[in-house]
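Asker: just the structure for this:
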Amino acid sequence: MSGTTSDKHSEKKSDRRTRVTVLVALTANLVIAVAKAVGGLVAGSPALLSEAAHSVADSLNEVFLLAALRRSRRPADERHPFGYGKERFFWSLLAAVGIFVMGGCFSFFQGFEALRNGAEEKLSGYAAGLIVLGVAFVAEGVSLLRALHQVRRQGGKGGLRDPALRTVVAEDGTAVLGVTLAAVGMVLHMVTGQVVWEASASLAIGALLVYVAYTLGREARDQLIGEAADTAAADRIRDLLAEQPEIDSVEALFTMKTGLDTALVAARVDLMPGLDSERVEEVAVRIKRTVSDTVPEADQIFLDITDRPAGEARESPAATGERGGA
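Answerer: Next up, the predicted model:
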């Protein structure tokens, strides 16, 4: 019990840090979005307006992520017996859609419009736009450093398991690169007088945002439709079951993530002969407790007992997931 309490305390602490990281990113994006929009309208810059749309999309996404952090930790209830952990993945999917629609599509529109109709900018417009982009680069960079610092505190690459934190890192990294592309496009436009450079910057920003949206959306989709637990955790569970003296063999093992730090475990096991029904019940309870204590990620554990041959058991409906075991 103490281990479980410690894990929950650690999860809440991690959520608080992630919430601060998201709030920092939200504040930066709101300020930058206004600055980019005003600068883009004053300068008539398609690249700057594309970056303004990018920041608006990021701001909306941060609101989604804050909702995910709050709603995903709600306790299980009658309608959702496995809890609300997948809320985190759902809101991350919406964030990916927001990046695609509000950021990527608008950037493509600005780029094509600039190529078709051209764009005239005065020297004062260039100066204002580049100043805005310089401020945006610093703000986005600070937000990105904050997110990367938290990733390191949560175990490096393992910290990116959190879709909220992963989305913030992707957004801030993309924003820094997007600001750089916009600045290069504006400078080349100013030097050459050819709008194609700034239009190309808008198109490149659009392509970058579409790629990031696709990557984030694919990861969220995999988690929503029932992604298996980490291979290492599944192997630990299988080895732990095989070590139990009452278990003759592990016929099938299935896992599915039900949240950021929780997973459903369903195992079909063949027990040693000679155990009566009361003994079987005691053994099942003890094995479940052992698994949950050793692998905290195993939040819901179901054991299906069989005494059939291994080949037959693997082909049975319960083993293949067509019908739940007792």
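Asker: next SSE downstream of the longest strand seen in the chain?
Answerer: Counting by DSSP state E, the longest strand found in the chain is strand 247-257. Later in the chain than strand 247-257, the nearest helix or strand by DSSP states H and E is strand 263-271.
Asker: so what's the gap between that following strand and the chain middle?
Answerer: 28 Å (Cα atoms, centre = their mean, to the nearest Å).
Asker: what is the neighbour count of the residue lying closest to V269 once chain neighbours are set aside?
Answerer: Using Cβ to Cβ, 6 or more residues apart in numbering and skipping the chain neighbours, the partner closest in space to V269 is I247 (5.0 Å). C-beta here means a position set from N, CA and C on the backbone, and glycine is covered the same way. I247 is flanked by 20 other residues according to other Cβ atoms under 10 Å.
Asker: isn't I247 up against R268?
Answerer: No - with contacts defined as Cβ atoms under 8 Å, I247 does not count as touching R268, sitting 10.8 Å away.
Asker: show me the shaky parts of the stretch 51-200 of the chain.
Answerer: Counting by pLDDT under 70, the low-confidence segments of the stretch 51-200 of the chain come to 118-125, 155-160.
Asker: swap the cut-off to 90 and go again
Answerer: 51-176, 178-179, 182-183, 185-200 (pLDDT under 90).
Asker: what segments of this protein are helices?
Answerer: Assigned by DSSP state H, the chain shows helices spanning 2-43, 46-71, 87-98, 106-117, 123-153, 163-192, 196-224, 231-243, 277-294, 310-314, 317-320.
Asker: rounded mean pLDDT for the shortest one, please.
Answerer: When pLDDT is averaged along helix 317-320, the result is 38.
Asker: one more: the first one?
Answerer: In this model, helix 2-43 has an average pLDDT of 73.
Asker: now it, how far from the centre of its chain.
Answerer: How far helix 2-43 lies from its chain's middle: 14 Å, per Cα atoms, centre = their mean.
Asker: same check on the fifth one?
Answerer: For helix 123-153, the separation from the chain centroid amounts to 23 Å (computed by Cα atoms, centre = their mean).
Asker: same check on the fourth one?
Answerer: Per Cα atoms, centre = their mean, the displacement of helix 106-117 from the mean C-alpha position of its chain is 30 Å.
Asker: for the protein, list the residue farthest from the centre, please.
Answerer: Taking Cα atoms, centre = their mean, the residue of the chain most remote from its mean C-alpha position is G274, at 48.0 Å.
Asker: contact partners for A136?
Answerer: Residues in contact with A136 (Cβ atoms under 8 Å, 6 or more residues apart in numbering) are I32, A35, K36, E51, S55, A175, V179.
Asker: most neighbours, which of these?
Answerer: E51 (35 neighbours).
Asker: wait, that one sits on G178?
Answerer: Yes - taking Cβ under 8 Å as the definition, E51 is a contact partner of G178 at 5.8 Å.
Asker: overlap in contacts of the two?
Answerer: Common contacts of E51 and G178 (Cβ under 8 Å, 6+ apart): I205.
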